[in-house]
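J.: pasting the structure only:
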């Protein structure tokens, strides 16, 4: 007998803005990832955790030998739990939580291969989702394909955003066609419509995760990364993504209202150009935990987010140190819906 997919069992991925029971994070573990800025990275993770903790419960997973450090950095408002880790991107290594509308919670445990085998050691990270689901005490659906949580975004009403650069990359699921991947997304996220953007930002080590490019403010309203400089290498792909979003229709047949979040000025470090984007924020209960980059565009981003989320508090947290490792605030958080 073939195992049921989440959709067959009545589950779907809710919108990130739906009420949460908890947020999950993972303490920085791969020290050589941070180009000598691991101390700053840990401080940035702790700042994000404390910001989230103002609005909902939060659990930080940490290597057993790092628990004391995480406790000291994060403070009493953040629960610290010991688990073996290789890296620290809970959006991608953690489960994608699912609901059935009847008070039941479940989780999709995606196959994880370190973003297309970019790191040789990821066995601990590949086991994290199952451990989180076991600790949470909810049903686990083990996916037969590679996916990262940062590569998908749901409006909770049947529409999922994703990107071609990531999901069609041969380093993930080379045996699957675009249509087969759509079938999987619908079966595992309870979706009816998949909306594809194209390419990601320059030097994005995730191969174009959609959480750097576009996300739902609410059904029918999308926030999208844009670039205002025609000379910037990000200009053409971001323009293409905007055009795709404006031409798309969601599962209810609606055209999207697209709100643009322009990228900040180009910044290059030892890691190369930082793939900075204000779209990589996190929706906590009653708040938007948003990145700031010590750039004049921070103020513009805060204004756009306030317009998109008038009922939420906008909390900007310095995120440059997180970007040194290749991701943003959304990448290091994972929501557990309230049921």
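T.: Sure, I can see it. Fair warning: this is a prediction, and the values are worked out from it, not measured in the lab.

J.: And the strands in the stretch 201-339 of the chain, which stretches?
T.: Counting by DSSP state E, counting those that start in this stretch, the segments of the stretch 201-339 of the chain that form strands are 214-218, 221-226, 257-262, 268-269, 272-273, 282-284, 287-292, 313-318, 334-337.

J.: Any chance of CSV for those strands, columns mean pLDDT?
T.: Formatted as CSV, the strands of the stretch 201-339 of the chain follow (pLDDT from 0 to 100):
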stretch, mean pLDDT
strand 214-218, 98
strand 221-226, 98
strand 257-262, 98
strand 268-269, 93
strand 272-273, 94
strand 282-284, 98
strand 287-292, 98
strand 313-318, 98
strand 334-337, 98
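
J.: and after the top helix by length along the chain, which helix or strand comes next?
T.: Longest helix in the chain by number of residues (criterion: DSSP state H): helix 38-53. Using DSSP states H and E, the helix or strand that directly follows helix 38-53 along the chain is strand 58-62.

J.: can you list the strands of the stretch 201-339 of the chain in CSV and add distance to residue 127?
T.: In this view, the C-beta of every residue, glycine as well, is placed from N, C-alpha and C. Output for these, formatted as CSV (distance: least, CB to CB, whole Å):
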stretch, distance to residue 127
strand 214-218, 28
strand 221-226, 32
strand 257-262, 35
strand 268-269, 31
strand 272-273, 30
strand 282-284, 24
strand 287-292, 27
strand 313-318, 29
strand 334-337, 15
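
J.: so which of those strands comes closest to residue 106?
T.: Nearest to residue 106, of all the strands of the stretch 201-339 of the chain, is strand 334-337, at 10.2 Å by CB to CB.

J.: partner residues bridging residue 268?
T.: residue 273 (DSSP bridges).

J.: swap in residue 288?
T.: residue 283, residue 314.

J.: same deal with residue 61?
T.: residue 26, residue 81.

J.: Read off the pLDDT value for it.
T.: pLDDT for residue 61: 98.

J.: Name the SS class of the residue most central in space within the chain, please.
T.: Nearest to the mean C-alpha position of the chain, counting by CA atoms, centre = their mean, stands residue 150 at 3.6 Å. The three-state label given to residue 150 by DSSP: H, G, I helix; E, B strand; the rest coil is helix.

J.: Next one: the nearest residue to it once chain neighbours are set aside from residue 279, what distance?
T.: Excluding the flanking residues, the one nearest residue 150 by CB to CB, 6 or more residues apart in numbering is residue 209, at 3.9 Å. From residue 209 across to residue 279, the span is 10 Å (CB to CB, to the nearest Å).

J.: gap between stretch 178-198 and the chain center?
T.: 17 Å (CA atoms, centre = their mean, to the nearest Å).

J.: Would you mind measuring the gap between the ends of that stretch?
T.: One end of stretch 178-198 to the other measures 13 Å (CA to CA, to the nearest Å).

J.: what's the answer for stretch 110-122, then?
T.: Termini of stretch 110-122 sit 13 Å apart (CA to CA).

J.: Quick check: buried residues in it?
T.: Across stretch 110-122, burial judged by 16 or more other CB atoms under 10 Å covers 110, 112, 113, 114, 115, 116, 122.

J.: Ok, stretch 141-149 next?
T.: Across stretch 141-149, burial judged by 16+ other CB under 10 Å covers 141, 143, 145, 146, 147, 148, 149.
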